[in-house]
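In: Here is a sequence together with a model predicted from it:
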Amino acid sequence: MSTKTSPARDYIFFAIFAVAVLTMPIWLEPIGAGYPDLLQKFAIFGLFATGFNILFGLTGYLSFGHAAFLGVGSYTAVWTFKLLGMNPIPAVIMAIIASGIFALAIGYVSLRRSGIYFSILTLAFAQMSYNLAYSVLTPITNGETGLRVLRSDPRLFDGNGGQEGPLIANLFGIEMTGWGGFYFCAVILLIGFFVAQRIFRSPFGIMLRAVKTNQNRMTYTGLNPRPYTLAAFVISGMYAGLAGALMCITDPLAGAERMQWTASGEVVLMTILGGAGTLLGPIFGAALIKYFENIFSAFNEQTLHEIFGFLPDFIEGPVISVAGLFVGEGWHLTLGVLFMLIVIFLPGGIMEGVSRIGKLFKRSPGKSEPNRATAPAE
C-alpha cells in the first residue's frame with residue numbers, strides 16, 4: 001500500500017467506524033445490547049482501553065495503575081459540576097488536564113524502571129491513590145460515601161446561584177442520560193479514536209513502536225526513549241481521565257472504588273482480549289467484557305428454563321445445572337474460559353482472528369496451483 005493512498009483509507013476506515021458506533025442501537029438490538037446504559041459503557045470503556053493501548057500496545061509498557069487516572073478524572077468532573085455547573089464540556093476539559101498532570105507526576109517516577117518493576121510501581125501508586133481517597137483526602141473525595149453534586153453547591157454558571165435546576169449533566173438543555181448520554185459518549189469516543197489513529201500513523205507512533213521493538217538499539221542510535229514513553233504515558237492517562245469524566249457525566253457520582261487494582265486489571269484484559277497494538281481490538285475487548293458483565297450476569301434459572309425449554313425434562317435439568325455455573329454470578333467463569341481460548345488459539349486477540357478470516361478471503365486461487373507459471377515478484 002502506498003503512502004499516498006493510506007490517508008484516504010484511514011479516513012474511509014474512520015467513517016465506517018463512526019457509522020458503526022452511531023448506529024449501535026440498531027444492530028445491537030437483536031442480541032439484547034441496544035439499550036442506552038449498556039451502550040454508554042461500551043463507549044466509555046472503549047475509550048479507556050483505546051488510551052491504555054497507546055501505552056501498552058505501542059510501547060510495551062504494562063501499567064497496572066491506570067484506574068488511578070480514571071478516579072482522578074471522575075473526582076475532577078464532579079468537582080467541576082459542584083463549582084461551575086452541570087455543563088459537561090468544562091468537566092471534560094478539567095478532567096483531561098487534571099489526569100494529565102497526575103499522569104505526568106506518576107510517569108516521571110515510574111518510567112525510571114521498565115518491565116515488571118514499572119508495572120509494580122504503577123500498581124503501588126494506584127493503590128496509594130485508592131487508600132488516600134478513602135482516608136486522608138476524605139474532605140475532597142467524601143470517602144466511602146462517594147462524591148456527588150448537592151443542591152447547596154455553588155454551581156456558579158447554573159442560574160440562581162445553582163440553587164435551582166437539575167442535578168443531571170446537561171448540554172444546552174439536553175440531559176446526559178439515556179440516549180443523550182450515549183450519543184455524547186459516542187462522539188467523544190469517535191474523537192478519541194481519531195486522535196489514536198493519528199498517533200498510530202504519525203512519526204511519534206513509529207518511535208513508540210521502536211521503543212517496544214528494541215529500546216536498547218534505539219538508545220545506541222542516540223535517541224532517548226524516555227520523552228516518548230513519558231508522552232505516551234501522559235496521553236494514556238488523559239484518555240483514562242476522560243473516561244472517568246464520562247462516567248460522572250452520565251451519573252454524577254465519583255467513588256474511590258474506581259481506583260481499585262481490579263479496574264486496572266480489567267482494562268488490561270480488554271486490551272489483550274481484543275488485540276494489543278491494534279486500533280479496534282481494545283474497543284472490541286471492552287464491548288465483549290461489558291456485554292458479558294451486563295447480559296450474562298443477568299441470566300437466572302428462569303431465563304435458562306426459557307432458553308432450554310425445548311429439551312426433554314431429563315436432559316433439561318442437567319443442562320441448566322451446568323449452564324448455571326457460567327451465567328449469573330458465575331459470568332466471570334465464562335469470561336475466563338473465553339480469555340483462555342483466545343490466548344491459546346489467538347495470541348493476537350480478536351483482531352488476529354479477524355485478520356485470519358480476511359486472509360482466507362483474500363487468498364487468490366492461483367496460489368493453490370504450484371505448476372502454474374507466475375510472474376516474478378515486484
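Out: Received it, and whenever you're ready, just let me know what you need.
In: Give the buried residues for the one helix or strand Gln302 maps to.
Out: For Gln302, the element it lies in under DSSP states H and E is helix 301-307. Neighbour-count burial for helix 301-307 flags Leu304 (criterion: 16 or more other CB atoms under 10 Å). From N, CA and C alone the C-beta is placed, and that goes for glycine too.
In: Tell me the gap between it and the middle of its chain.
Out: 32 Å (CA atoms, centre = their mean, to the nearest Å).
In: could you say what helices and strands the lowest-mean-pLDDT helix or strand in the chain packs with?
Out: Across the helices and strands of the chain, mean confidence by mean pLDDT, DSSP states H and E is lowest for helix 301-307: a mean of 83. Applying 3 or more CB pairs under 8 Å, 6 or more residues apart in numbering; DSSP states H and E, one finds that helix 301-307 contacts helix 313-323.
In: Which residues outside stretch 106-120 are in contact with it?
Out: 61-65, 68, 121-122, 125, 215, 226, 229-230, 233-234, 237 (CB atoms under 8 Å, 6 or more residues apart in numbering).
In: Please read the previous query as pertaining to stretch 215-225.
Out: Residues contacting stretch 215-225 (CB under 8 Å, 6+ apart): Ser114, Met207, Ala210, Val211.
In: Quick check: the farthest pair among those?
Out: Spatially, the most separated pair among these is Ser114 and Met207, at 16.0 Å (CB to CB).
In: Any figure for the gap between Ala231 and Asn53?
Out: 15 Å (CB to CB, to the nearest Å).
In: If you count surrounding residues, which of the two has more?
Out: Asn53 (28 against 18; other CB atoms under 10 Å).
In: Quick one: name whatever helix or strand follows the helix or strand encompassing that one.
Out: Using DSSP H and E, Asn53 falls within helix 36-59. Using DSSP H and E, the helix or strand that follows helix 36-59 in sequence is helix 67-83.
In: Who are the packing partners of that following helix?
Out: Going by 3+ CB pairs under 8 Å, 6+ apart, helix 67-83 lies up against helix 88-110, helix 115-134, helix 138-141, strand 147-148, helix 226-250, strand 253-254, helix 261-274.
In: Put together a markdown table for these, with distance to Trp179 on each row.
Out: Output for the helices and strands packed on helix 67-83, formatted as a markdown table (distance: least, CB to CB, whole Å):
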| stretch | distance to Trp179 |
| --- | --- |
| helix 88-110 | 15 |
| helix 115-134 | 32 |
| helix 138-141 | 31 |
| strand 147-148 | 23 |
| helix 226-250 | 11 |
| strand 253-254 | 20 |
| helix 261-274 | 24 |
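In: Looking at those, which one is packed in the most?
Out: helix 226-250 (a mean of 26; mean count of other CB atoms under 10 Å).
In: could you give the angle of that one to helix 88-110?
Out: Here the directions of helix 226-250 and helix 88-110 differ by 140 degrees (axes from the mean of the first three to the mean of the last three CA atoms, to 10 degrees).
In: now helix 226-250: mean pLDDT?
Out: Regarding helix 226-250, the rounded mean pLDDT is 96.
In: Ok, stretch 166-179 next?
Out: Rounded mean pLDDT across stretch 166-179 is 89.
In: That stretch: end-to-end distance?
Out: Distance between the two ends of stretch 166-179: 17 Å, counting by CA to CA, to the nearest Å.
In: how about the contacts of stretch 215-225 in TSV, adding secondary structure, distance to Phe284 and pLDDT?
Out: Converted to TSV, the contacts of stretch 215-225 look like this (DSSP: H, G, I helix; E, B strand; the rest coil; distance: CB to CB, whole Å; pLDDT from 0 to 100):
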residue	secondary structure	distance to Phe284	pLDDT
Ser114	coil	28	89
Met207	helix	26	94
Ala210	helix	26	93
Val211	helix	25	93
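In: Tell me the helices and strands packed up against the helix holding Asn53.
Out: Helix 36-59 packs on helix 24-27, helix 178-201, helix 203-220, helix 226-250, helix 261-274, helix 281-294, going by 3+ CB pairs under 8 Å, 6+ apart.
In: Please convert these to a markdown table, extending it with distance to Leu304.
Out: Below are the helices and strands packed on helix 36-59 laid out as a markdown table (distance: least, CB to CB, whole Å):
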| stretch | distance to Leu304 |
| --- | --- |
| helix 24-27 | 26 |
| helix 178-201 | 30 |
| helix 203-220 | 44 |
| helix 226-250 | 31 |
| helix 261-274 | 25 |
| helix 281-294 | 16 |
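In: Out of these, which gets nearest to Trp331?
Out: helix 281-294 (5.4 Å).
In: Run the chain-centre distance for the closest one.
Out: So, by CA atoms, centre = their mean, the centroid of helix 281-294 is 9 Å from its chain's centroid.
In: low-scoring pLDDT stretches of the stretch 251-378 of the chain, where are they?
Out: Under the criterion pLDDT under 70, the flagged ranges of the stretch 251-378 of the chain are 364-378.
In: let's see 50
Out: 368-378 (pLDDT under 50).
In: Mind pulling up the pLDDT for Asn160?
Out: 61.
In: How about the contacts made by the closest residue in space to Leu246 that isn't next to it in sequence?
Out: Distance criterion CB to CB, 6 or more residues apart in numbering; nearest residue to Leu246, sequence neighbours excluded, is Ile44 at 4.7 Å. By CB under 8 Å, 6+ apart, the residues touching Ile44 are Cys185, Leu189, Ala243, Leu246, Met247, Thr250.
In: What residues does Trp179 make contact with?
Out: Pro25, Pro36.
In: distance of it from Asn131?
Out: Trp179 is 38 Å from Asn131, where distance means CB to CB.
In: cool, and Val268?
Out: For Val268, the distance to Asn131 - CB to CB - is 21 Å.
In: can you check Glu266 too?
Out: Taking CB to CB, one finds Glu266 at 19 Å from Asn131.
In: Over to Phe56?
Out: With CB to CB as the criterion, Phe56 and Asn131 are 25 Å apart.
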